[in-house]
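Participant: Sequence first, predicted coordinates after that:
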Amino acid sequence: MRFLLPLLLVFSALLCLLPGCEPKEDLLTTDGSAKLEFSADTVLFDTVFAQVGTVSKRLWVYNRNARAVRVEQILLADTNPGTYSLLINGDETTAASNFEIRGKDSLLILVKAVLGPSAAVNKPFLVDDQLLFRTNGNEQEVKLVAYGQNAYFHGIEEHITRNTTWLKNRPHVIYGLVVVDPGVTLLIQPGTRIYSHAGSGMLVQGTLRINENTNPTAELAPNDTATFVRFQGDRLESFYAETPGQWRGIQFDASSRNNVVRFTEIKNASFGLLILNPLNATPHPKVTAENTILRNISGAALSFASLGADFDGGGVISFSGDFDLRNCLFTNCGEYAMLGYGGTYDVNFCTFANYTPQFQRKSASLSFTNEAADSRAVQPNTTRITINNSIVWGSIADELFFKNGDQYRPTLNIRNSILRTAEYRATTDAGSKLGFDNNSNQLNVNPKLRSSPENSGDRYDYRLDTLSPASNKGIYNSLVPRDLLNKARNTSTPDLGAYERVNP
């Protein structure tokens, strides 16, 4: 008996050496009917900037057969040499041979594309190829297609040293930082598209003027491309279409003057428009933003060289700077829609629909203080805030916060607006408590927007519903005769917010 167990082990080992013991899925088949299947018949790269590498796209190659197959060859047809490359089992290549795929198993191939410039300088172009497979005499292919676009590229730290106009005929792609030097003006044409790589952005020490003299004659469509200038990240895959924090933002330094941002959309950034004047130099730098959309903004622990602390992101951020905002929409700003450390803010006919479904936000959308931002900063000597004809709404119960508000109460004027606030719902001030349930404000009354995270899926429309309490509650202002989409406002009783109501 003592020899029985060792004998059984030896016998079992011998059995496993017999051909019949080899797992079925490891046995090769040469049957011509044993074809491959693929996760897609086309690998598509949608809008690739020339000379910029794409992300890797996945192609799964399936062996649905019970037995293994040998893929004799995987090969790029190389119709456009140098455009596409493959990553197979960790090796970057354009061809591979004799790959075995076990029965009921698969192979992952990563495909990348780099497009060269096209002769069609200002127009999109198409570059295609084929990925060829040979298995048991079967020839199969998967198409590779990339839509390309030539672009103007702006380098690691590009200084604009003379007055310049960015043309709209090609996209502009920023890698690093574009600096508008002091005393220099950068003009941006209507319809220009600007894409920034991760961590990239724009620093304005001189003057930025976007759509300065653009005055459309008709109402614009929400998806207008001819007029609106658009800033966003350079990742154009659908997964990144609404992802915040992909690039830095547009920063204005203390030396910046006379900035105008009109008919512009800024999305998917860490901050939208930021004035950095921590030493409270006067006159303050100023930005006038009209008919501007700021959405999908978030950036935790932003660091600025002249301040010793980190700050969170926001649609508009100001350290002793001045902002005039008219017909602006703020939404999905993960930390703040507006954050102000001193300065002057004039807000008229704006919509803060700061629903933040991607974030668990605790900070009020509009937050202001008269304190210095940091120990290295100088305390602001002015904090003036005017909010008229606007909607201040969002995901949390308090979308307004005025730190030390009683100290600058004489320069705090809010009227004819819908406000979401528990903190300031009194009719009058009481000590350090401020009250805004007066001056024709509506407190905690849902503005009834057409579609938002409150009442719909993921396609939002922040224009007013036909039953909105914001309808016909404004006071006409000749500086804002039309709404965000250039629709004429009612001259006697305009609607609150950035949009004049859609007709029934």
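Facilitator: Noted; the coordinates are in hand.
Participant: show me where the chain has helices.
Facilitator: 4-17 (DSSP state H).
Participant: hey, C-alpha coordinates of stretch 348-355 in CSV?
Facilitator: Output of stretch 348-355 as CSV, limited to C-alpha atoms (Å, rounded to 0.1, in the frame of the first residue of the first chain):
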residue,chain,number,x,y,z
ASN,A,348,-26.4,91.9,-15.6
PHE,A,349,-28.8,89.4,-17.3
CYS,A,350,-26.7,86.4,-16.4
THR,A,351,-27.8,82.8,-15.7
PHE,A,352,-25.9,80.8,-13.1
ALA,A,353,-27.5,77.4,-13.6
ASN,A,354,-24.7,75.8,-11.6
TYR,A,355,-26.0,72.3,-11.4
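Participant: So what sits opposite Lys403 in the bridge?
Facilitator: Thr369 (DSSP bridges).
Participant: Okay, strands next: where are they in the stretch 201-350 of the chain?
Facilitator: 201-204, 207-210, 229-233, 250-253, 259-267, 271-276, 286-297, 302-303, 310-311, 314-319, 322-333, 336-341, 343-348 (DSSP state E, counting those that start in this stretch).
Participant: among those, which is the most enclosed?
Facilitator: Greatest average neighbour count among those goes to strand 314-319 (a mean of 30), per mean count of other CB atoms under 10 Å. C-beta here means a position set from N, CA and C on the backbone, and glycine is covered the same way.
Participant: Kindly calculate the angle that it makes with strand 336-341.
Facilitator: Angle, strand 314-319 to strand 336-341, by axes from the mean of the first three to the mean of the last three CA atoms, to 10 degrees: 0 degrees.
Participant: just for this structure, where's the confidence low?
Facilitator: The chain contains residues with pLDDT under 70 at 1-25, 119-121, 306, 308-309, 457, 502-504.
Participant: Pop the domain breakdown of it in here.
Facilitator: What the record gives for the chain is the domain set 24-149, 152-464, from automatic domain parsing.
Participant: what comes up buried for stretch 380-396?
Facilitator: Across stretch 380-396, burial judged by 16 or more other CB atoms under 10 Å covers 380, 383-396.
Participant: now do stretch 151-161
Facilitator: Counting neighbours by 16+ other CB under 10 Å, stretch 151-161 gives 151, 153-154, 158, 160 as buried.
Participant: Same question for stretch 179-188.
Facilitator: 179-180, 184-188.
Participant: quick one: contacts for Ser303?
Facilitator: Ser303 is in contact with 310-311, counting by CB atoms under 8 Å, 6 or more residues apart in numbering.
Participant: Repeat the analysis, applying 6 Å as the threshold.
Facilitator: Neighbour list for Ser303: Asp310 [criterion: CB atoms under 6 Å, 6 or more residues apart in numbering].
Participant: Now do stretch 452-465: distance to the chain's middle.
Facilitator: 19 Å (CA atoms, centre = their mean, to the nearest Å).
Participant: re the thing from before, need the buried residues of stretch 179-188 in TSV with distance to Phe239, can you?
Facilitator: Putting the buried residues of stretch 179-188 into TSV (distance: CB to CB, whole Å) gives the following:
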residue	distance to Phe239
Val179	31
Val180	32
Val184	37
Thr185	37
Leu186	31
Leu187	33
Ile188	28
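Participant: Which members of the residues you listed are positioned in strands?
Facilitator: Judged by DSSP state E, strands contain the following of the buried residues of stretch 179-188: 179-180, 185-188.
Participant: Please name the residues that touch Leu449.
Facilitator: Tyr462.
Participant: ok, it to Asn354 distance?
Facilitator: Per CB to CB, to the nearest Å, Leu449 is found 12 Å from Asn354.
Participant: related to what we said a few turns ago, specify which member of the ones in strands among the buried residues of stretch 179-188 is nearest to Pro171.
Facilitator: Nearest to Pro171 among those, counting by CB to CB, is Ile188 at 12.2 Å.
Participant: hang on, that closest one packs against Ile210?
Facilitator: Yes. Under the criterion of CB atoms under 6 Å, Ile188 makes contact with Ile210 at 4.5 Å.
Participant: okay, and the common contacts of these two?
Facilitator: Joint contacts of Ile188 and Ile210 (CB under 6 Å, 6+ apart) are Val229.
Participant: Give me the number of neighbouring residues for Tyr147.
Facilitator: Tyr147 is flanked by 16 other residues according to other CB atoms under 10 Å.
Participant: brain fart, Gly176
Facilitator: Other residues lying near Gly176 total 16 when counted by other CB under 10 Å.
Participant: and the gap between the spatially closest residue to it that is not a sequence neighbour and Val179?
Facilitator: With CB to CB, 6 or more residues apart in numbering as the criterion, Gly176 has its nearest non-adjacent residue at 3.8 Å, and that residue is Ile156. Distance, Ile156 to Val179, using CB to CB: 11 Å.
Participant: go on, Gln358?
Facilitator: Taken as CB to CB, the span from Gln358 to Val179 is 31 Å.
Participant: Mind checking which residue lies nearest the centre of the protein?
Facilitator: Nearest to the geometric centre of the chain sits Asn268, at 1.7 Å (CA atoms, centre = their mean).
Participant: mind checking the backbone torsions on it?
Facilitator: Backbone geometry at Asn268, expressed as degrees, to the nearest 10, gives phi 60, psi 30.
Participant: What separation is there between it and Val378?
Facilitator: 33 Å.
Participant: Could you give me the buried positions within stretch 66-73?
Facilitator: 67-71.
Participant: Other residues contacting that stretch?
Facilitator: 24, 26-29, 34, 63, 97, 99-103, 134-135.
Participant: How about Gly206: what's its closest non-neighbour residue?
Facilitator: Val184 (4.0 Å).
Participant: for Arg450, that is, sorry about that
Facilitator: Asp461 (4.1 Å).
Participant: since we're on the one you found, how many residues are nearby?
Facilitator: Neighbours around Asp461, by other CB under 10 Å: 15.
Participant: That one contacts Lys448, doesn't it?
Facilitator: No. In this structure, Asp461 is not within contact of Lys448 by CB under 6 Å, at 11.9 Å.
Participant: quick one on the thing from earlier: the residue nearest to Arg450 pairs with what?
Facilitator: Beta-bridge partners of Asp461, as defined by DSSP bridges: Ser451.
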